[in-house]
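Peer 1: Pasting the sequence and the predicted model now:
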Amino acid sequence: MNKIICLKDINYFCNNKLIISNISLNIYQDKITALRGPNGAGKTTLLKLMHGLLEPSSGYIIRNYTNISRASMIFQNPIFLNSSVYSNLEHALFCINIDKNKRKGIITSLLNKYSLQYLSDKHIRLLSGGELQLVSLLRSLVIQPKIIFYDEPTNNLDRYNTDFIKDIIKSMIDEKKQIILVSHDDKFVSELDCCNIYLKEGSIEE
Amino acid sequence: MDIFSETYNIFIDLDEKFISIVFLSLYISLLATISASILSIYLSSFLVLKNFIGKNIILLIVNSLMSLPPVVVGLILYIIFSYSGVLGFLEILYTPTIMILAQIIIVMPIIISLSYASLLNKYIDLSEYLDSINTSNTKKIYTIIRECRFELLIIIVTGLGRALSEVGAVIIVGGNIANMTRVMTTSIVLETSRGELALALSLGITLISLAIIINLLIYIIKNRYL
């Protein structure tokens, strides 16, 4: 299997505190990778390091996809623009230089695909926690990424929305998208065929 | 006729002298505020996005300049642009141009300081997301300005209020010349000293009315959009 991300001897300090300690691992293509572990284990930090949002204090990361495809990140507590769902999705396309006349088509087909057209004109302020998680996922998908870094997909979700997001993730796998997720929802992760990496106190648990 | 009847007549007859002073004031202050806003918001965005040595010193200076005495600005500009000054050859002393320049200098620190705080808060919120999709700095600036547009509008209106009520600098560099550089605040000073209290009072009422309108605008924006 092809390695898409390779981490070697990664350490990460924040305010002189060691958050990630000497981690070396490979992420392989065509397999969901789940970073698991208790709160404060360093899962989100490791995910951000993999994405490139954070730079390691020492060690190096090789990303074998940056020249050929796009990556997106879905945050545990996403922040949106103070406007409609449509505007938020359009803004994501604006940020990656998609022509204005192509944006509407891309957004409409994405919303149709998951039967979420009803969200389009709703203002972000009026959405429930579950709907916000969905919009966060849509905002990530609208830029058509090949690799998705997903932090706590089931955070604050009820059973219905958890199943809905699980179905979307499964359809993403069918489309050959690479997913690296952070979760401590054991049931959710066990229902996906994941390669599990367990973290404890900033290190990989053997 | 008492002062109040004369003041009333100035408003009813739309006295030509009164109208020309009000329009010149609005022209100078609006142009100064628009120019200062464009420059200040651009500079604030740059300060938000870029980290460099001396940034905190620049912010400290800008914050200190918020309380810059307008008469000092007027004095410095007078020295620079007087006929014997370094830039005297430009011959803009006692013209509306230098009055606009003076107001820009007075208003800019206020707009930079307030817009920096507003843009920085928004950038802190959105930076991780914007970085995650690897967007350009220009688009980051566009995004945070767009997200802060109502706060920025309030800041600009605050700057306009400061420009309209300013007297110390414009009286020094403008010279208070009738039909040329005489604005509301400088007219009030002059007409009061000459005993023409009706015109001074009508200009005063106009200034207060403008202040109320500006505050009403801020109130509406705050309640409707923030």
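Peer 2: Here it is on my side, so go on. It should be emphasised that the depicted structure is a prediction, and the values quoted were computed from it without experimental measurement.

Peer 1: What helices and strands are in contact with the longest helix belonging to chain B?
Peer 2: Counting by DSSP state H, the longest helix found in chain B is helix B:96-132. Contact here means 3 or more C-beta pairs under 8 Å, 6 or more residues apart in numbering or on different chains; DSSP states H and E; on that basis helix B:96-132 packs against strand A:71-74, helix B:16-49, helix B:55-65, helix B:70-81, helix B:137-147, helix B:149-165, helix B:168-174. From N, CA and C alone the C-beta is placed, and that goes for glycine too.

Peer 1: moving C-terminal of the least confident helix or strand in chain A by mean pLDDT, what's the next helix or strand?
Peer 2: In chain A, the helix or strand scored least confidently by mean pLDDT, DSSP states H and E is helix A:186-190, which has a mean of 86. Once the chain leaves helix A:186-190, the next helix or strand it forms, by DSSP states H and E, is strand A:194-200.

Peer 1: which residues touch that next one?
Peer 2: Contacts with strand A:194-200, where a contact means C-beta atoms under 8 Å, 6 or more residues apart in numbering or on different chains, come from A:25, A:28, A:31-38, A:41-43, A:46, A:181, A:189, A:204-205.

Peer 1: got the contact list for the helix or strand that it is followed by?
Peer 2: Downstream of strand A:194-200, the next assigned helix or strand under DSSP H and E is strand A:203-204. Residues from elsewhere that reach strand A:203-204 (C-beta under 8 Å, 6+ apart): A:20, A:21, A:22, A:23, A:25, A:197, A:198.

Peer 1: Note down every partner strand of strand A:203-204 and its orientation.
Peer 2: strand A:194-200 (antiparallel) (DSSP bridges).

Peer 1: Now flag whichever of the contacts of strand A:203-204 is closest to residue A:54.
Peer 2: Nearest to residue A:54 out of the contacts of strand A:203-204 is residue A:20 (C-beta to C-beta; 9.1 Å).

Peer 1: what residues are up against the closest one?
Peer 2: A:10, A:11, A:12, A:42, A:45, A:46, A:49, A:56, A:202, A:203.

Peer 1: For the nearest residue to it once chain neighbours are set aside, give me its contacts.
Peer 2: Closest residue in space to residue A:20, ignoring its immediate chain neighbours: residue A:12 at 3.9 Å, by C-beta to C-beta, 6 or more residues apart in numbering or on different chains. Shown in contact with residue A:12 (C-beta under 8 Å, 6+ apart): A:18, A:19, A:20, A:42, A:45, A:49, A:54, A:56, A:57, A:202.

Peer 1: which SSE is the second one in?
Peer 2: Element membership of residue A:19 [criterion: DSSP H and E] is strand A:17-28.

Peer 1: Mind listing the strands the helix or strand following that strand pairs with, and their directions?
Peer 2: As assigned by DSSP H and E, the chain's next helix or strand after strand A:17-28 is strand A:32-36. In the sheet, strand A:32-36 lines up against strand A:178-182 (parallel), strand A:194-200 (parallel) (DSSP bridges).

Peer 1: re the thing from before, are any of the contacts of residue A:12 buried, and if so which?
Peer 2: Taking 16 or more other C-beta atoms under 10 Å in any protein chain shown as the criterion, what is buried in the contacts of residue A:12 is A:19, A:20, A:42, A:45, A:49, A:54, A:56, A:202.
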